[in-house]
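A.B. asks: Generate a structure from the sequence data that follows.
(chains A and B)
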Amino acid sequence: MPALMNGLSALLVLAGCVFCLIGAFGMMKMPSFITRVHAASLIDSLGAILIISGLVLQAGFTLTTIKLILILLFLLVTGPTAIHALVNTALHEDRSYITGKDSSSNT
Amino acid sequence: MKTVILSFTSLFLLWLLLSGYFKANLTIFGIISCTLVTYISIKLKIYSSHHERIKFNLRLPFYIPWLLKEITKSNLHVARCILDSNNRTQPQVVYSKPSQKTNTGLAVYANSITLTPGTISIDINDNEILVHALTNHTAQGIINGDIDKRVTKLESGIH
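C.D. replies: The predicted structure follows:
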C-alpha cells in the first residue's frame, strides 16, 4: 500500500511538473502579450493542483496536509486575481495588447 | 458583535492549525495576536454591514469537482495549442452577460472564468463581462454559458 501511495504521488507531482514546463515553454513561445498570459495560467491552475495533491498523498493525515490544502485554496483565489489585475492594467494602458491590432485603427 | 466573535474564533482555529502548538504558554501568544488582529479589524470597520460575508454553501461540494473537470479539459486543450508547432490560436474578445445577482456570485463567476486556462475575464461593466479567449473552442465555452448556469445555480444556494 505505501508503495502504491508513493507511486501515485510521484505520478501526480511529475504530471504537475510537465504542465509547469509546458506553461513556461508557452510563455517563451507565444507571439503576443495576452497569449503569453494564457500560457502562464496553465502553471497556476493544473500545475499547482497536481503538485500539491501529490504532496498531500505524501503527507498523509497530518497538519501538513491541512496547510497544503490551505496553500492550494489561497493559490486558486489569488492566482486569477493577479492575472485579472495584470490584464486589466494592460487594457487600460493600451487596447492593442488585448485586441492584438494597432490601437490607432481600433476605436 | 456576533461577527466579531465568529471572526476571532475562526482566526484562532487557523492559528492552531498553522502552528500545531497546543501548550498553554504558546497558545497565549496566539490568543494575543488574534485579539490584536480582531481589534485592528474593528478599527478598520471591516465588520460594518455593507461587506458581504462568505457563507458556507451546500452546493459547493458539487460545484468544485465540476470546475476541476473543466480546468483539466481546458488545460489539456491549451497545452495542445502550445505544443502544436504551427500556431493554432485564434485570440479573440467575447462579451458574456452574467445572470448572477449578488456581488459574491459575480466574483465567483469571473474567478472561475480566469481559473480555467484559455479564458481570462478582463473587465466588468454594469451588465457584461469582457472575456478574452485563446481559441474558438474556449470562446464557444463562454458563449454557451455553462459556467454561468452552474454559478447561478450555486448562487441560489447562498441565500
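A.B. asks: Find the centremost residue of chain A, please.
C.D. replies: A:Asp44 (1.5 Å; Cα atoms, centre = their mean).
A.B. asks: Show the pLDDT at it.
C.D. replies: The predicted structure scores A:Asp44 at 86 on the pLDDT scale.
A.B. asks: And B:Gly157, by the same measure?
C.D. replies: The predicted local confidence for B:Gly157 comes out at a pLDDT of 69.
A.B. asks: Quick one: residues contacting the residue nearest to the centre of chain A.
C.D. replies: Under the criterion of Cβ atoms under 8 Å, 6 or more residues apart in numbering or on different chains, the neighbours of A:Asp44 are A:Leu75, A:Gly79. For every residue, glycine as well, the C-beta is placed using N, CA and C.
A.B. asks: next one: the one 5 residues further on
C.D. replies: Residues in contact with A:Ile49, defined by Cβ under 8 Å, 6+ apart, are A:Gly16, A:Leu72, A:Leu76, B:Leu68, B:Ile71.
A.B. asks: now that we have these, which one has the most neighbours?
C.D. replies: A:Gly16 (21 neighbours; other Cβ atoms under 10 Å in any protein chain shown).
A.B. asks: Any buried residues in the helix or strand hosting that one, and which?
C.D. replies: Assigning secondary structure by DSSP states H and E places A:Gly16 in helix A:2-29. If you call a residue buried by 16 or more other Cβ atoms under 10 Å in any protein chain shown, then helix A:2-29 has these buried ones: A:Ser9, A:Leu12, A:Val13, A:Ala15, A:Gly16, A:Phe19, A:Cys20, A:Ile22, A:Gly23, A:Ala24, A:Gly26, A:Met27.
A.B. asks: where along chain B do the helices fall?
C.D. replies: Under the criterion DSSP state H, chain B contains helices at B:2-19, B:24-43, B:60-83, B:103-115, B:136-144, B:146-155.
A.B. asks: what would these look like in CSV with distance to chain A?
C.D. replies: Formatted as CSV, these follow (distance: least, Cβ to the nearest Cβ, whole Å):
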stretch, distance to chain A
helix B:2-19, 5
helix B:24-43, 15
helix B:60-83, 4
helix B:103-115, 4
helix B:136-144, 9
helix B:146-155, 13
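A.B. asks: who wins for proximity to A:Ala3 among these?
C.D. replies: Distance to A:Ala3, taken as Cβ to Cβ, is lowest for helix B:60-83 among these, at 26.1 Å.
A.B. asks: Who are the packing partners of that closest one?
C.D. replies: Packed against helix B:60-83 by the contact rule (3 or more Cβ pairs under 8 Å, 6 or more residues apart in numbering or on different chains; DSSP states H and E) you find helix A:2-29, helix A:33-42, helix B:103-115, helix B:136-144, helix B:146-155.
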